[in-house]
Each structure stands twice: as C-alpha cells, then as structure tokens.
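Participant: Show me how the following folds:
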Amino acid sequence: MSDTAWLEDATIYTLDVKTFYDSDGDGWGDFQGLIEKLEYVDDLGVDCLWIRPFYPSPLRDNGYDVADYYAVDDRLGTLEDFREFTDRAHDRGIRVLTDLVFNHTSIDHEWFQTARRNPESKYRDYYLWAGDVETAYNTFNIFPEHEDGVWSYDEVADAHYFHQFFHHQPDLNVRNPEVREEFHDILRFWLRQGADGFRIDAAHPMLMPKGHDGGTLAEPIELFKQMKRVVSEEQSDAILLAEADDQPELLPYYFGDGEAFDLQFNFVMNAHLTYAIGVGDTWPLHRAHEIVPDVDGIGKWANFLRNHDEWNLLKLPEEAFHHAREAFGEDAGDSWIFERGHRLRLAEIYDNDLDRVAMAHSLLLSLPDVPVLLAGDEIGMGSDPSLREREAVRTPMQWDDSEYAGFSTSEPGDVHNPVIDEGEYSYERVNVADQLNDPGSLLSRVGELVDARSQCPEIVDGIYSVVDVDRDDVWLHRYDHGDNLLVCGHNFADEPREVACAFGPPEDVSTSIVGDGDYRVEGGDLTFELDGCDYLWIRADKWGKRAPEPGEVLALSR
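Facilitator: Residues are numbered from 1 along each chain as shown. This next block holds a predicted model:
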C-alpha cells in the first residue's frame with residue numbers, strides 16, 4: 001500500500017474556522033474553538049478535516065483573497081494555535097487538509113503592493129500586466145455580475161493587471177519560475193506546521209491562458225506535478241485535492257497520469273446527484289455515471305452534495321439546468337447568483353424534508369470514492385438570504401438554542417456573520433444539542449451512515465455496479481468483494497416503493513447494515529421494501545455462509 005492509501009476509505013468534513021466556534025467571545029470562530037469541538041467531529045466519525053482559508057485577509061471574498069500565505073489571521077488565532085489544533089486532530093486519528101489559493105492574491109498582499117509601486121522589483125513579474133488592454137488577450141470573468149472583464153487599471157502602476165476573479169484578486173503569473181518556487185515554499189511551510197495535504201483552489205483557472213499574450217505553461221500539468229513532488233518529498237503521505245470545475249472529458253488531465261492530484265472534486269456528479277434526489281428521478285444519476293470519466297489507477301473523485309459556494313448547475317443538460325433554476329429557487333429570485341446556481345443549503349433545496357436529506361447522505365456515503373460533508377448539513381441548517389452572495393450559506397454553526405446559537409458570547413454586531421435567528425431554520429429550531437441524543441434526528445442518522453461506511457470494506461475495495469430496476473425513482477447499486485456482496489437501495493419517491501433484483505444468497509446469510517427499510521429474499525431475488533425517501537444497505541455472503549452481524553463487521557479484513 002502507498003503512503004497515501006489512507007485516502008481510500010477517508011470521509012472528509014469541511015468547515016470554516018471563523019464560523020465554527022468562538023472560544024473567546026469576540027464574535028469570530030477560532031482555532032481554540034475548533035480544538036474544543038474536535039470531540040464533536042470525532043464522534044461524527046469523519047477522519048479528515050478540510051478547513052477553509054484562515055490566513056490574514058481583508059475578507060472581501062471570504063478569505064480566498066489571501067494577504068499573507070505564512071500566517072494565521074489574528075482574529076482566528078496564532079501559528080501556535082494551528083499547530084496545537086493539528087496535534088490534537090492527529091491524536092484522534094483525524095488528518096487535516098488546508099485550502100491554498102495560488103491562482104491569485106489579495107491586492108493587499110505585499111507582493112502586489114511592491115509590484116505596483118516598483119516596476120523594477122522581482123514582484124512586478126509575479127503578476128500579469130498590460131499597457132494597452134485593447135490589444136491584450138481577453139476572456140470571460142468568473143463573476144460576470146460584478147466584473148466587466150479581466151483587466152483593471154491600477155493608478156500607482158499606471159498599467160492594467162489581469163484577474164479572472166474579482167478585481168481585488170490579481171492573478172499570479174504561474175509561468176514565472178520564482179512564483180512556482182514561492183508555491184513550493186508555502187506547501188513545505190504548512191506541512192511542517194502539521195497539515196496533511198491541501199485543497200488547491202481554482203486549479204482550472206490556474207492552467208487557463210493569462211496575461212497580455214494569453215500564454216500558458218508549455219506543459220501546464222507540470223505545475224501540479226511539481227507541487228505533488230514537493231509535498232511527497234516533504235511528507236510521503238500528504239495529498240493534493242483539486243478544485244477543477246472543467247468539462248468532464250478534460251478532468252482526467254488534472255490527475256497527471258497519477259503524478260499530480262490525488263483527489264478531485266466531482267462537480268459533474270454533484271450537480272446530477274443533488275438534482276436527481278431533488279426531482280425524485282434517477283435519470284440524472286445514470287447520466288452522471290455515463291459522462292464522469294473512469295480514473296481508476298490515476299486518482300479518485302471527491303463526491304459531495306453541497307459545498308460552501310453556490311450549488312453550481314452548469315454541468316446539467318440545458319433543459320435540466322433551466323428547470324433547476326426555477327424548481328429550487330424562490331419567487332423573489334434571491335437564491336440565484338452568478339448565472340449558474342443557487343445559494344441554498346441542502347435542507348432548503350429539499351424543502352426541509354429531512355428524510356430526503358438523510359437519504360441523500362446515505363447515497364453519497366454508499367457511492368465509491370471519497371465523500372465530503374459540509375459542516376451544518378448534518379443537522380439541516382439553512383441559509384440567510386439577507387447576506388450578500390455566497391455568504392448566505394456561510395452562517396455560524398448552530399450548537400444550541402442559547403443566544404447566538406451557542407457559537408459565541410460576543411456583543412451584538414460583533415459576529416463575522418450573524419446566526420440564523422428566525423424562520424424554520426433558526427437556531428432555536430435547528431441545533432446540535434437538540435439532535436445529539438435523539439436517535440431519530442438527522443445528526444444521528446448521518447453519524448450512523450458515516451459509521452456504516454467505515455464498516456463496509458466492500459465500498460473501498462469491492463467491484464461497483466449499478467443495478468437496473470423497473471422503476472425510475474429507485475436507485476440500487478452493489479459491490480462484489482471477495483465472498484461478500486453489498487447492495488444499497490435508495491427510494492427517491494415520497495411514496496413507498498418495492499423493487500427486486502437478482503441476488504443469489506439465501507435470506508439467512510444476509511443482514512441489514514443501516515437504514516429503516518425492509519427486505520426479503522426469495523428464489524434468488526432480493527426485494528427492497530422502502531418507504532418514501534427510505535434507504536437500506538444489505539450485506540450477504542455469496543456462498544451461503546452466515547452473514548456477519550453489524551457488530552462483527554469491523555473484524556472483516558480489508
């Protein structure tokens with residue numbers, strides 16, 4: 001097994017430090033607060049944390065506008081706090097991935113400030129400039145609602161600089177070898193502070209044509225292959241995770257034949273999976289299986305239901321894209337942004353149908369590759385549409401029904417983002433404390449599913465296949481793993497459904513792993529009996545031996 005084999009059966013949980021838990025009452029979540037809540041993360045059963053940017057930043061883009069790559073924003077703590085956090089996480093067997101934003105910096109970064117003031121400094125070529133934008137390369141901006149293009153004029157530099165994102169986020173010149181060496185130094189630095197790998201933000205834009213001549217690296221993937229060599233040499237079990245929202249047929253490129261990224265977010269599966277469950281029809285999931293490339297042997301996909309941005313629908317076919325815009329939006333249209341998605345939490349997408357939310361997590365956690373859970377979705381949190389743009393889905397974690405949701409003891413107005421304090425998603429109605437000891441709560445059900453996945457080596461090592469059934473609102477898939485067989489059933493409909501599939505083993509050698517559904521085995525067929533939005537995982541021994549009970553599963557060989 002390679003040193004990065006830990007990734008094979010990992011479950012990732014992602015959170016923003018500044019909105020997770022405030023330990024000192026200043027209104028900002030911090031690393032000491034995260035340390036206090038590690039027990040919660042551990043009890044949920046996840047074994048890897050991806051934490052979003054925590055570096056000094058003017059926070060014009062939620063920290064993705066980095067002003068210093070080598071420090072912790074003092075509102076969130078210190079480097080010592082970060083090191084203590086990674087030590088405590090490692091003590092619990094939890095690995096830590098951090099976000100690194102290498103496509104661009106904040107205009108407040110010292111590199112850019114030096115570059116604009118001194119055209120002779122080495123930092124001038126850290127960015128991309130043009131004197132005459134009429135003749136310079138032009139392309140689309142990623143935030144078309146806010147930016148007219150990719151060039152902005154800087155009076156101090158008396159030149160235009162290139163930016164694919166907001167104008168306050170100038171792109172770095174990745175063709176400059178000194179910039180690439182800066183990347184490598186940053187990677188080494190955070191590994192030495194305790195990180196176990198990195199999510200590389202905006203990997204796709206990093207490889208796109210840039211600057212006055214629209215140039216790229218001669219071999220673009222070498223940018224990420226170099227990074228992978230650096231992290232592997234520094235720490236053999238460190239991994240790289242790509243945010244590369246590219247066209248499906250181009251996605252294998254980012255794995256670099258197994259020499260670049262280890263893991264890549266599956267935006268194609270996300271759009272189709274979450275949409276399919278929302279419309280109660282499996283056809284989008286079948287389509288995703290057809291168009292997502294097979295990357296076996298070179299990398300793995302990171303699957304998710306929602307992330308911390310908008311729910312991006314661009315990978316859906318045109319008719320479904322327009323349907324999703326209308327079907328999941330609000331009458332006022334406040335949820336639709338950037339002409340590509342909704343700024344809604346998962347519970348809102350599913351009209352607060354928590355059975356559907358639980359079933360969605362069951363499907364996510366029973367699919368191959370690596371599942372990623374968004375903090376707050378496990379309790380059914382909602383969004384705050386009064387906040388600007390993506391901030392709507394970035395409200396503080398709701399811990400209990402005390403003031404400020406147990407997130408902070410700060411004075412009014414001091415919190416980075418306000419807690420949700422009214423409506424069906426208010427902290428008085430939705431919080432961890434109310435669900436923690438309730439076996440029927442969404443939190444408990446998600447925890448059971450995370451645990452079930454950890455007890456099913458079939459999902460990691462088995463041969464996966466989709467099972468055809470005679471209904472378009474029920475999804476079955478199976479894993480064949482040595483002597484064992486695992487079949488997972490999910491009912492997308494609101495009404496009960498009964499479906500059958502070929503099975504083989506008799507009923508007395510099968511057992512239910514997780515889920516409230518029922519089943520029977522007759523004449524070599526397995527029949528699922530599922531209530532609305534129900535799910536059930538069934539394991540059996542192919543050769544008719546007694547199936548292990550759930551408590552025995554941990555003893556199975558991987």
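Participant: so where's this structure uncertain?
Facilitator: Along the chain, segments meeting pLDDT under 70 span 1-2, 330-333, 543-558.
Participant: Now with 90, please.
Facilitator: The chain contains residues with pLDDT under 90 at 1-2, 144-146, 329-334, 338-339, 411-416, 482-483, 504-509, 523-524, 541-558.
Participant: In stretch 76-94, which residues are buried?
Facilitator: 76-77, 81-82, 84-86, 88-89, 94 (16 or more other Cβ atoms under 10 Å). All C-beta spots, glycine's among them, are computed from the backbone N, C-alpha and C.
Participant: Can I get these in TSV including distance to Leu314 and secondary structure?
Facilitator: Formatted as TSV, the buried residues of stretch 76-94 follow (distance: Cβ to Cβ, whole Å; DSSP: H, G, I helix; E, B strand; the rest coil):
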residue	distance to Leu314	secondary structure
Leu76	32	coil
Gly77	36	coil
Asp81	38	helix
Phe82	35	helix
Glu84	40	helix
Phe85	35	helix
Thr86	35	helix
Arg88	39	helix
Ala89	34	helix
Ile94	33	coil
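Participant: got TSV for those, with distance to Ile337 too?
Facilitator: Output for the buried residues of stretch 76-94, formatted as TSV (distance: Cβ to Cβ, whole Å):
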residue	distance to Ile337
Leu76	26
Gly77	31
Asp81	33
Phe82	32
Glu84	37
Phe85	32
Thr86	34
Arg88	37
Ala89	33
Ile94	33
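Participant: Now the phi/psi pair for Asp171, please.
Facilitator: phi -70, psi 140 (degrees, to the nearest 10).
Participant: what's the burial count for it?
Facilitator: Asp171: 23 surrounding residues under other Cβ atoms under 10 Å.
Participant: In contact with it, which residues are there?
Facilitator: 103-104, 127-128, 161-165, 205, 210 (Cβ atoms under 8 Å, 6 or more residues apart in numbering).
Participant: mind redoing it with 6 Å?
Facilitator: Contact partners of Asp171, counting by Cβ atoms under 6 Å, 6 or more residues apart in numbering, are 104, 128, 162-164, 210.
Participant: now swap in Asp353 and tell me
Facilitator: By Cβ under 6 Å, 6+ apart, Asp353 has no neighbours at all.
Participant: Repeat that for the one 3 residues further on.
Facilitator: Contacts here follow Cβ under 6 Å, 6+ apart; on that basis Arg356 touches 350, 533.
Participant: which SSE is the nearest residue to Phe267 once chain neighbours are set aside in?
Facilitator: Nearest non-adjacent residue to Phe267, counting by Cβ to Cβ, 6 or more residues apart in numbering: Asp245, 4.7 Å away. In the assignment (DSSP states H and E), Asp245 maps to no helix and no strand.
Participant: got the contacts of Asp171 as TSV, with secondary structure columns?
Facilitator: Converted to TSV, the contacts of Asp171 look like this (DSSP: H, G, I helix; E, B strand; the rest coil):
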residue	secondary structure
His104	strand
Leu128	coil
Phe162	strand
His163	coil
Gln164	coil
Lys210	strand
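Participant: Please identify which of these is nearest to Asp262.
Facilitator: His104 (23.5 Å; Cβ to Cβ).
Participant: Show me the longest helix that occurs in this structure.
Facilitator: helix 177-192 (DSSP state H).
Participant: just the contacts of Asp171 now: which is nearest Leu285?
Facilitator: The nearest one, if we look at the contacts of Asp171 relative to Leu285 and count by Cβ to Cβ, is Gln164, at 31.6 Å.
Participant: follow-up on the earlier one: which strands and helices sit next to the longest helix of the chain?
Facilitator: Taking 3 or more Cβ pairs under 6 Å, 6 or more residues apart in numbering; DSSP states H and E as contact, the helices and strands that helix 177-192 lies on are helix 222-234.
Participant: burial measure for Ser236, as a count.
Facilitator: By other Cβ under 10 Å, neighbour count at Ser236 equals 10.
Participant: And for Phe255?
Facilitator: 25.
Participant: Backbone dihedrals for it, both of them.
Facilitator: Here Phe255 shows phi and psi, under degrees, to the nearest 10, equal to phi -80, psi -10.
Participant: sorry, back to before: mind checking which of the contacts of Asp171 are buried?
Facilitator: Buried among the contacts of Asp171 by 16+ other Cβ under 10 Å: 104, 128, 162-164, 210.
Participant: ranges for the strands of the stretch 51-200 of the chain?
Facilitator: 95-100, 129-130, 151-154, 159-162, 197-200 (DSSP state E, counting those that start in this stretch).
Participant: Compare those and give me the one nearest Met397.
Facilitator: strand 95-100 (18.0 Å).
Participant: Show me what that closest one is packed against.
Facilitator: Looks like strand 95-100 contacts strand 48-51, strand 197-200 (3+ Cβ pairs under 6 Å, 6+ apart).
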